[in-house]
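K.L.:
Predicted model follows, preceded by the sequence.
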Amino acid sequence: MNKKLLFLLVVCIGELFVTNAQAQKFDELGKTPQMGWNSWNKFACNINEQLIRETADAMVKLGMKDAGYEYVNIDDCWHGERDALGFIHPNKKRFPSGIKALADYVHAQGLKLGIYSDAGETTCAGHPGSLNHEYQDALTYASWGIDYVKYDWCDTKGLNPQVAYTIMRDAIKKAGRPMLFSICEWGENEPWKWAKDVGHSWRTTGDIYPCWNCEFRNYALSKQNILRILDEQIELRQYAGPGHWNDMDMLEVGNGMSINEDRAHFSLWAMLDSPLISGNDLRNMSETTRSILTNKDVIAINQDKLGVQALKIFREKDFEIWVKPLEKNEWAILFLNRGGQSLTYTYLWLPLHDNLSNRSLDFDKTTYLWTDLWAKTTGNTRQILKAEIAPHSVLMLRLKPIH
Ligand code: GLA
């Protein structure tokens, strides 16, 4: 090899190391769990640019934006073909105006646009994945004005997940546009152990299904009921925090469960600091669904800047108690009735300590005012709490110390 060539090679390799050593995720994003909407749960592959525009309109008009929802995310099936140079294009029939025009529209509403790809050769619905096109795709997304990338794990044939997701993280960073990076490998490779500096959130389970506790003979990845997803989070709270969240999957509020179930589902996702990505048809939702999704008191628990995921402190049969420390020595406390019978419960306000956040609740020393975040009733911790909790529902309180 001649000397000049060797020199160039050394410089190039050096450049590669420097680039990778400097690459990181966009650190300013996802400081609280991301909020938005995603097309998959309700529409699967039946998507087009009109749906996305109308959804953005609805998000603004119906108070969702005002309540904190920000991202309008296109999931699988937006893809057309790659061209001769390998650049991906949207499906021309579904997105005739192109993604850039759509991003402009969504941005003009004060919202952000998200897109979906996959670390393998094809996406879960069989469209072109980003394998070997990571840098090219990240550049394309940036040029379109994309703000969020959900990155799936189908057709990955023996790829190392940490490597594959890190390549895309670096590609996004290199493309230069802050895009929130949402890891979606269903918790199969324990992303909570390696993805803190790779993505802003990682899915912890297979796909959600709008059912409280349906039992399927064998739990397909795509049939995770609400309680099953909840139960899988127990060991994971230590891994979540500002900028890196356990993602319990997109919401099913408004997709067929009862009002109590929808409320409980939303409350639990809020308590556990999951991203709140609505997954229903925002254009045609009922007032009840809208009021659940826009409950600002519940959302405030999820968006609390302390970013400490809730802890389960008690379970007996169908009854559970979860607590979540908040900023300013406030707390959220949630009583869950998993079962089909109403429960009457008397709560004596026993003291507790959370080792993870090193915070304590001592009701002898401090009195708290509580607010029921759904019924909006109030009380204080000097009086025993006697509550009736309907089947498949929660009582969710915010506690503020009285000074
Ligand atoms: C996987 C993901 C889902 C959705 C579909 C799209 O199943 O987990 O959230 O993105 O792929 O095909």
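P.N.:
Alright, I've got the coordinates. Numbers count the residues shown, from 1 in each chain.

K.L.:
alpha carbons only for contacts and neighbour counts from here, please
P.N.:
Fine.

K.L.:
residue contacts, Cys77?
P.N.:
44-45, 47, 125, 127 (CA atoms under 8 Å, 6 or more residues apart in numbering).

K.L.:
Would you check which of those are in contact with the ligand?
P.N.:
Near the ligand, judged by CA under 6 Å from any ligand atom, the entries from the contacts of Cys77 are Ala125.

K.L.:
Neighbour-wise, which one of the contacts of Cys77 leads?
P.N.:
In terms of neighbours by other CA atoms under 10 Å, the contacts of Cys77 top out with Ile47 at 19 neighbours.

K.L.:
what sits against whatever residue of the stretch 301-403 of the chain ends up closest to the ligand?
P.N.:
In the stretch 301-403 of the chain, the residue found nearest to the ligand is Asn302; the distance is 20.9 Å by CA to the nearest ligand atom. Applying CA under 8 Å, 6+ apart to Asn302 gives the contacts 32-33, 269-274.

K.L.:
re earlier: can you tell me which of the contacts of Cys77 is closest to His353?
P.N.:
Taking CA to CA as the measure, His353 lies nearest Ala44 of the contacts of Cys77, at 43.3 Å.

K.L.:
Wait, a helix at Cys124?
P.N.:
No: going by DSSP: H, G, I helix; E, B strand; the rest coil, the assignment for Cys124 is coil, not a helix.

K.L.:
now the helices for the stretch 51-200 of the chain?
P.N.:
Assigned by DSSP state H, counting those that start in this stretch, the helices in the stretch 51-200 of the chain fall at 64-67, 98-108, 134-144, 161-175.

K.L.:
I would like the residues contacting the first one, please.
P.N.:
The set of residues that contact helix 64-67 without belonging to it, under CA under 8 Å, 6+ apart, is 58-60, 111, 293-296, 299.

K.L.:
again with the longest one
P.N.:
Applying CA under 8 Å, 6+ apart, the contact partners of helix 161-175 are 20, 23-26, 119, 134-135, 138-139, 142, 178-179, 181, 183, 189, 191, 194-195, 198-199.

K.L.:
Please pick the buried ones from these.
P.N.:
In terms of neighbour count (16 or more other CA atoms under 10 Å), the buried residues within the contacts of helix 161-175 are 23-26, 119, 134-135, 138-139, 142, 178-179, 181, 183, 191, 195, 198-199.

K.L.:
Those residues: which ones sit near the ligand?
P.N.:
Applying CA under 6 Å from any ligand atom to the buried ones among the contacts of helix 161-175, none is adjacent to the ligand.

K.L.:
Look up which residues are beta-bridged to Val323.
P.N.:
Beta-bridge pairing of Val323 under DSSP bridges involves Leu311, Ile333.

K.L.:
hmm, back to that, quick check: of the contacts of Asn302, which lies closest to Phe363?
P.N.:
Among those, Met271 lies closest to Phe363 (CA to CA), at 21.1 Å.

K.L.:
give me every residue that touches that closest one.
P.N.:
301-302, 309-310, 323-324, 332.

K.L.:
now do 10 Å
P.N.:
Neighbouring residues of Met271 by CA atoms under 10 Å, 6 or more residues apart in numbering: 265, 298-304, 308-311, 322-325, 332-334, 396.
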